[in-house]
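S.K.: coords below, sequence missing:
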Ligand code: PEP
Ligand code: MN
């Protein structure tokens, strides 16, 4: 990593790569985020009904997802929109975990809810609207759970890394960075997917980086292409919205994939993941050849 990046992001020194620092690998159940396996987290924007959640969990598991997403506490642009089922939503997520074997990621929106959400979730999600809510970040950091930190919609990479640093400061090393699109002058897409942020974060930080193509695109037909771009940019995984009947979803239906769409997206990632594996093997082969030559 170039020294100039160190200077630029000096305030967040513990999230930066350094000569000593191994990549952070976040353990969840029997798998890891930030290691060789590309991890897909998928599910509805909001937990709506038992049927909706179970059907989605079973489907995305069969298609290769490892983690079920679903909001029980929803921060909405309008206070009159559906705010989530709260505790009942968490209970439904816990039942879906038991039935499907998937781990659970769900959002926590308030500092006081952290202990409750941490009881049910395997990973706590901090949403874009809360990326700079320091007391929430501190509480999530102290929860003992891995934290999936979404980039604020108007946050620079320096702002994003500062928030990650605050979680690490609580003694919690398990932070996953999530690029979910940023606000620009463009309105045709919901946000502008910042692929360069993924490439840069993978260069400068040891933390795992995932992409949320759903909130970036805002339109389901764009989601698979953004997912493939995320793979090419070096992301460690995806967070994707999937719903059995997106046109009837209580939130974010327009950007949610149906089951067939999710399967097609997963299939379309394969050649890109293969190319990445080959490149990785070549790099590792190259490294051992160099070591043999040197030794
Ligand atoms: C979500 O994941 O459903 C969500 C609300 O995301 P964001 O915080 O990125 O808008
Ligand atoms: Mn959503």
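M.R.: Sure, I can see it. Every value quoted in this text rests on a predicted model; they were computed, and no experiment measured them. Ligands and ions are numbered 1, 2, ... in the order given.
S.K.: now for the strand or helix carrying residue 200, which elements pack on it?
M.R.: Using DSSP states H and E, residue 200 sits within helix 195-204. Packed against helix 195-204 by the contact rule (3 or more CB pairs under 8 Å, 6 or more residues apart in numbering; DSSP states H and E) you find helix 157-169, strand 175-179, strand 209-211, helix 223-233. No exception for glycine: its C-beta is placed from N, CA and C like everyone else's.
S.K.: longest helix anywhere in the protein?
M.R.: Ranked by residue count and defined by DSSP state H, the top helix of the chain is helix 259-294.
S.K.: contacting residues around the closest residue to ligand 2 within the stretch 151-295 of the chain?
M.R.: Closest contact between the stretch 151-295 of the chain and ligand 2, by CB to the ion, is at residue 252 (3.7 Å). Counting by CB atoms under 8 Å, 6 or more residues apart in numbering, residue 252 touches 45, 46, 214, 215, 241.
S.K.: now it: how far from residue 240?
M.R.: Remark: distance between residue 252 and residue 240 (CB to CB, to the nearest Å) = 11 Å.
S.K.: Kindly report the same for residue 122.
M.R.: Residue 122 is 17 Å from residue 240, by CB to CB.
S.K.: between those two, which one's more packed in?
M.R.: Using other CB atoms under 10 Å, the more surrounded residue of residue 122 and residue 240 is residue 240, with 29 against 18.
S.K.: Touching, that one and residue 213? I think so.
M.R.: Yes: counting by CB atoms under 8 Å, residue 213 is a contact partner of residue 240 at 6.5 Å.
S.K.: quick one: common contacting residues for those two?
M.R.: With CB under 8 Å, 6+ apart, residue 240 and residue 213 have common neighbours 223, 227.
S.K.: The closest residue to ligand 2 within the chain - nearest residue in space that isn't next to it in sequence?
M.R.: Closest residue of the chain to ligand 2, CB to the ion: residue 45 (3.3 Å). Once flanking residues are discounted, residue 45 sits nearest to residue 252: 3.8 Å by CB to CB, 6 or more residues apart in numbering.
S.K.: Next: residue 117.
M.R.: Nearest residue to residue 117, sequence neighbours excluded (CB to CB, 6+ apart): residue 108, at 4.2 Å.
S.K.: So for the one you found, what pLDDT did the model give?
M.R.: Residue 108 is assigned a predicted lDDT (pLDDT) of 98.
S.K.: Report the mean confidence score over stretch 250-267.
M.R.: 98.
S.K.: in it, what counts as buried?
M.R.: 250-259, 261-263, 265-266 (16 or more other CB atoms under 10 Å).
S.K.: Does stretch 47-58 reach ligand 1?
M.R.: No: contact of stretch 47-58 with ligand 1 (CB under 6 Å from any ligand atom) is absent, the minimum separation being 10.8 Å.
S.K.: Can you name the residue of the stretch 1-150 of the chain nearest to ligand 1?
M.R.: Scanning the stretch 1-150 of the chain for the residue nearest ligand 1 gives residue 127, at 2.9 Å (criterion: CB to the nearest ligand atom).
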